[in-house]
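In: My questions are about this predicted structure, shown below with the sequence.
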Amino acid sequence: YEGAWLACRTAAARWGDAALVRLYEAAGRADLATAVAEALGTDVPALTRAWQSDLRAELGE
């Protein structure tokens, strides 16, 4: 749960709150790759790298 929460926090911080809402909406009707592309204008690997970076920062690594 915490990992998913941090991923949402990352999306909101980097792409904006409205983009996170768009991601939730798009994820309800499309696969993850399409939802991320539509809502954030990026791809899953870039979102994953951003999330990992934020996770490392959160853990102090």
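Out: Thanks, I have the structure now. Bear in mind the structure is a predicted one, so any value in this text is a computation, not a measurement.

In: Run through this structure and note the low-pLDDT ranges.
Out: 61 (pLDDT under 70).

In: Would you map the helices across it?
Out: Along the chain, the stretches classed as helices by DSSP state H are 2-15, 17-27, 32-40, 44-59.

In: buried residues in the last one?
Out: Applying a neighbour-count criterion of 16 or more other Cβ atoms under 10 Å, one finds 47, 50, 51, 54 buried in helix 44-59. The way it works is simple: take the backbone N, C-alpha and C, and place the C-beta from them, glycine included.

In: Any chance of TSV for the residues you listed, columns distance to residue 13?
Out: TSV is the format used below for the buried residues of helix 44-59 (distance: Cβ to Cβ, whole Å):
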residue	distance to residue 13
47	12
50	9
51	11
54	7
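
In: ok, so of these, who is nearest residue 21?
Out: Distances from residue 21 to those, taken as Cβ to Cβ, are shortest for residue 47 (15.6 Å).

In: Identify the residues contacting the closest residue to the closest one other than its chain neighbours.
Out: Excluding its sequence neighbours, the residue lying closest to residue 47 (Cβ to Cβ, 6 or more residues apart in numbering) is residue 36, at 5.5 Å. With contacts defined as Cβ atoms under 8 Å, 6 or more residues apart in numbering, residue 36 is in contact with 23, 26, 42, 43, 44, 47.
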